[in-house]
Structures are given as C-alpha cells and as structure tokens.
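1. Sequence first, then the predicted structure, then my questions.
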Amino acid sequence: MARPKKTDAPDLSEAQDLTAGAIERLTCPPEKLQVFLRDSKAPGLRVRATPASAKNPTGVKAFVFEAKLNRQTIRRTIGDVRAWTIEAARQEANRLRVALDAGTDPREVERQQQAAKAASKAAAAVQAVTVGEVWNAYMEARRPHWGVRHHADHAKLVQAGGVPAKRGTKGKGVTVAGPLHPLMALPLRDLSAPTIEAWAAREGKTRPTSARLAWRCLKAFLTWCAEQPEYAPALPSVNPAKTKKAREALGRAGVKQDALLKEQLSVWFDAVRQIHNPVAAAYLQTLLLTGARPGEVLGLRWEDVNTKWRGLTIRDKVEGERVIPLTPFISQLIHALPRRNAYVFPSASRGKEVGDTLSIPRTQHIAACKVAGIEGLTLHGLRRSFKSLTEWLEIPAGVVAQIMGHKPSATAEKHYTVRPLDLLRLHHEKIEAWILEQAGVQFVADLEPGKLALVAG
C-alpha cells in the first residue's frame, strides 16, 4: 500500500498514531457537524474537529475521550489541541479508562466536584454575610405577610440613628439608634449566645422595654434564618437568642394597670377638649371610644370612613383589617376636622410632608392628664380603659374583642360566631352613649358636626 502524502487528510476509518501533522491536516467537511480521528495508542482517545465558521474560520479541534459504560456512550472533552500535548491527552484518556473500568462514571465525578465547589463557595459567602444583610433579606421575604406598620417597626429596630430631629431624640437633637443596630455589622456566624447575652445586658440597663421587643423580634429572625438553607450553616443548631441569661438580663415586663376610672371621665374629657390642636384632641377621644390601637387610629384614611353603612375600616396587626361601627359622636368628631390630605388625622406641622399623619400626641396627652390630675395614663391605657369601662354595661366579651381587634380565644369565637356590623353597632353605640353620659358630655346626634356641649358633672 502506498504511503499517504503529508498533504493528504488522515484516514478517519482507522485508528492512527496521533501526530502533530495528522492533527493539523484533520478537517471537517462543511456538510458535517463533526468528525473524529482515533488514536491507536490510547484506547478511547480521539481528536474532534468541527467545520469552519465565521467565529472560527479554521474550525475547532479538541482531544476527547469516548467509551461505553452500561451500554451507554460516554464522551468527555479533555481540552483544546493547542493547550494539550498528545502525551498529556493520552495520560488523561488512560486515567479516564481506568476509572471507567472500575465502574466510575467520569460525568458523575465531575458533577460531584462541581457541586462541592458550589457548596464551598456558598459556605464561604454565608460565613462572610452580615446580620444586617440577612435582616434586610428577612424583611423583604416577610413583607407580604406583614402590615406596613409592622414592617416599619422592624426597620426602626435596626436604624442607625444620628439623624437631626426635634422629637423623639431624648434631648440629644438627633435620632437614637435602634436597639438591634449594634448587631447589624457582625457576621451572621458571630451572632452567638454570648454575643446576644452581652447585648441584652447593655440594652437592658438603658431601655429594657424596647430591648425586650427587639429580643423577641431577634428570636423570630434567627428562627427564620435556621429554616433557610443558605443561612442555616452559619448558625448553631439551637437558636442563640433563646437563653435564660439573655431573658434575665432584659427583666420581666411589668403588668400595666393604667386605665381611666368611671369617675375620671369628666375631667379627662374636659382637659383633652382644651388641647389647642383640634386634630390631636379628636384623635385622643377616638382612641378611648373605639378601643383601637394608637397606630390603627393614626392610619385612618377618609376612604376608610363609610358614612352610608356607618363603618370604619381599621387596618390591624391580627386580621389585616376589621370594620367597626362609625358611632354618632365619632362621626361628628372626625367630620368636623379639616381635610388636609388623605388621612383623617393629618399633620399640621410645617416641617412634615403634606401627605403625613399627625405625630402621636403623647406630650399633649400627658399635659392634659396633668391638668386633670390623672397620673401615669398612657395612650395604650385608653385602649385598656375602653375594655374596662364596658364591664359596667355587661357587654358580651366577644363583642368587645371584635371591636378592639383582639384575637378570638375560643373555638366558637373563631369558627362559629359571626357578628355583622349592625349587631356590633347596637352594642358600640350603647358603650359610647354611656361613656359620654358619665363624662357629662351632652351630645345630640342630629347636630351638625362639631356642635357639642359640655355639661359640668
């Protein structure tokens, strides 16, 4: 047989001793997707060539390994012929052949190696992530399940502080950092039980009430982290915030007893109605007469006031929203207010945006209580007062709970008792009328809004 010329293309039908010249002469016809030149020295080693293209005018040539495992063809790319020598490619092909003869699938080995690299990279990223970064991810993940105010409260817990402000600065002139802010810069892996206990000891000395709330939120946050596969590896198996030492450092919350007595209603109404800001005065009276939470009343919009069916839609933290009766006195009270924006209780401060709500009038309420000779009555105490005063009328507990937005405590309340708005109105108007009577407030429902009279008790 005549020896082929050096310029002839190699014969692809037979295995050949691979040489640089044979590889150089190997070409793939345009009508084919690829061709293979087999090596005679290393079984399974081939050179694959692809046709020329605009991207690769000379085509692409690479060493590949091809064999069968469990009657399935396995083909693995070794590397470009320009980067691998023939001997190196033969050694790699022989290594793959040995692995294959042992029953090991090279593809599975490669997948495991890639998975291990990805896991190692993810673990390194988790080890580097900070508590603040994960807290932001936590807030975003929980946003669909939280109310707007609940979400804002979580943001406030970690705020940096230092922003110039006139109110809520404890005389410092700048906002105070949130209780959890010192923990935000820490790597998540360093949020250990001793770290949290040291934080609790510091915060418990200066602001135990807000620190207890922050601690409860921190426990929920760490529970969520433990359920996320990307963050769980950085945490211990037991929630590091749930320790006896941390709980004891923050102390126990005292049982609050502040509530208006029946005999104090007259002086309280008299003092509150003398507040110069009519919006603040109306807000405080609405708190007492609805038993709602301070933030719920503050967030009332005019679109929530249904004058046709006499209802108020309140956005609460339990059910998302509830509808309570729009009682006659409250109706006249709020319809006498100026409509500055979308909120029923708008801000009148020059420094605030036009669309803002009234700032919670704690200072005005404290001053009014001082005038009335009432000590220690908080805004939440007005909600407590509503519940306590209904005991004089023997109103069904379920009715009061539904108006106030308390969670049902019995199976019958949760699943079987459905009180329509008109039934709630029957009881709520009775409560309102009795409170106004005890306060000495003469109220005529047919009067125009704002036409109220105070009768000395």
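-> Happy to help now that I have it.
2. ok, now which ones touch the closest residue to residue 174 other than its chain neighbours?
-> Residue nearest to residue 174 in three dimensions, not counting chain neighbours: residue 162, with 5.0 Å by C-beta to C-beta, 6 or more residues apart in numbering. In this view, the C-beta of every residue, glycine as well, is placed from N, C-alpha and C. Neighbouring residues of residue 162 by C-beta atoms under 8 Å, 6 or more residues apart in numbering: 174, 175, 177.
3. And what about the closest residue to the last one other than its chain neighbours, helix, strand or coil?
-> It stands for residue 177. In space, and not counting its chain neighbours, residue 177 is closest to residue 161: 3.3 Å by C-beta to C-beta, 6+ apart. In three-state terms, and counting by DSSP: H, G, I helix; E, B strand; the rest coil, residue 161 is coil.
4. got a list of what residue 161 touches?
-> Contacts of residue 161 by C-beta under 8 Å, 6+ apart are 174, 175, 176, 177, 178, 181.
5. What's the ChimeraX syntax to select whichever of the contacts of residue 162 are buried?
-> Here is the ChimeraX selection string for the buried members of the contacts of residue 162, based on 16 or more other C-beta atoms under 10 Å:
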select :175
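6. out of the contacts of residue 162, who's nearest residue 19?
-> If you rank the contacts of residue 162 by distance to residue 19 using C-beta to C-beta, residue 177 comes first, at 73.6 Å.
7. From residue 160, how far out is that closest one?
-> 6 Å (C-beta to C-beta, to the nearest Å).
8. Name the residues contacting each of those two.
-> By C-beta under 8 Å, 6+ apart, no residue touches both residue 177 and residue 160.
9. contacting residues around the longest helix anywhere in the chain?
-> Longest among the helix segments of the chain by residue count, using DSSP state H, is helix 106-128. Residues from elsewhere that reach helix 106-128, judged by C-beta under 8 Å, 6+ apart: 65, 74, 76, 96, 99-100, 187-189, 230-231, 233-234.
10. low-confidence ranges in this protein?
-> 1-7, 122-127, 165-172, 254-255, 317-319, 349-355, 408-417, 446-457 (pLDDT under 70).
11. follow-up on the earlier one: using JSON lines, lay out the contacts of residue 162 together with secondary structure and distance to residue 360.
-> Listed next are the contacts of residue 162 as JSON lines, based on DSSP: H, G, I helix; E, B strand; the rest coil; distance: C-beta to C-beta, whole Å:
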{"residue": "174", "secondary structure": "strand", "distance to residue 360": "20"}
{"residue": "175", "secondary structure": "coil", "distance to residue 360": "16"}
{"residue": "177", "secondary structure": "coil", "distance to residue 360": "20"}
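12. Strands along the protein, start to end?
-> Under the criterion DSSP state E, strands of the chain are mapped to 35-38, 45-49, 61-69, 72-80, 305-306, 311-314, 322-325, 441-442, 453-454.
13. most packed of those strands?
-> Mean neighbour count (mean count of other C-beta atoms under 10 Å) peaks for strand 45-49 among the strands of the chain, with a mean of 23.
14. and that one, which strands flank it?
-> strand 35-38 (antiparallel), strand 61-69 (antiparallel) (DSSP bridges).
15. Next, the angle strand 72-80 makes with it.
-> Here the directions of strand 45-49 and strand 72-80 differ by 70 degrees (axes from the mean of the first three to the mean of the last three C-alpha atoms, to 10 degrees).
16. So for this structure, the centremost residue is which one?
-> residue 139 (2.1 Å; C-alpha atoms, centre = their mean).
17. quick one on the thing from earlier: from the contacts of helix 106-128, which ones fall inside helices?
-> Per DSSP H, the contacts of helix 106-128 map to helices at 96, 99, 100.
18. Now that we have those residues, which of them are buried?
-> 96, 100.
19. now, among the ones in helices among the contacts of helix 106-128, which is nearest to residue 217?
-> residue 99 (53.1 Å).
20. distance between stretch 301-310 and the chain's centre?
-> In terms of C-alpha atoms, centre = their mean, to the nearest Å, the centre of stretch 301-310 is found 31 Å from the chain centre.
21. whoops, stretch 298-317 was the one
-> 26 Å.
22. sorry, back to before: output the longest helix of the chain as CSV, restricted to C-alpha atoms.
-> What follows is helix 106-128, C-alpha atoms only, in CSV (Å, rounded to 0.1, in the frame of the first residue of the first chain):
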residue,chain,number,x,y,z
PRO,A,106,-16.5,10.4,35.0
ARG,A,107,-19.5,12.6,34.4
GLU,A,108,-20.8,11.8,37.9
VAL,A,109,-17.4,12.5,39.4
GLU,A,110,-17.3,15.9,37.6
ARG,A,111,-20.9,16.7,38.8
GLN,A,112,-19.9,15.9,42.4
GLN,A,113,-16.8,18.1,42.1
GLN,A,114,-18.8,21.0,40.7
ALA,A,115,-21.4,20.6,43.5
ALA,A,116,-18.7,20.5,46.1
LYS,A,117,-17.1,23.7,44.7
ALA,A,118,-20.5,25.4,44.6
ALA,A,119,-21.2,24.4,48.2
SER,A,120,-17.8,25.6,49.3
LYS,A,121,-18.4,28.9,47.6
ALA,A,122,-21.8,29.3,49.1
ALA,A,123,-20.5,28.4,52.5
ALA,A,124,-17.8,31.0,52.2
ALA,A,125,-20.4,33.6,51.2
VAL,A,126,-22.6,32.7,54.2
GLN,A,127,-19.6,32.9,56.5
ALA,A,128,-19.0,36.5,55.2
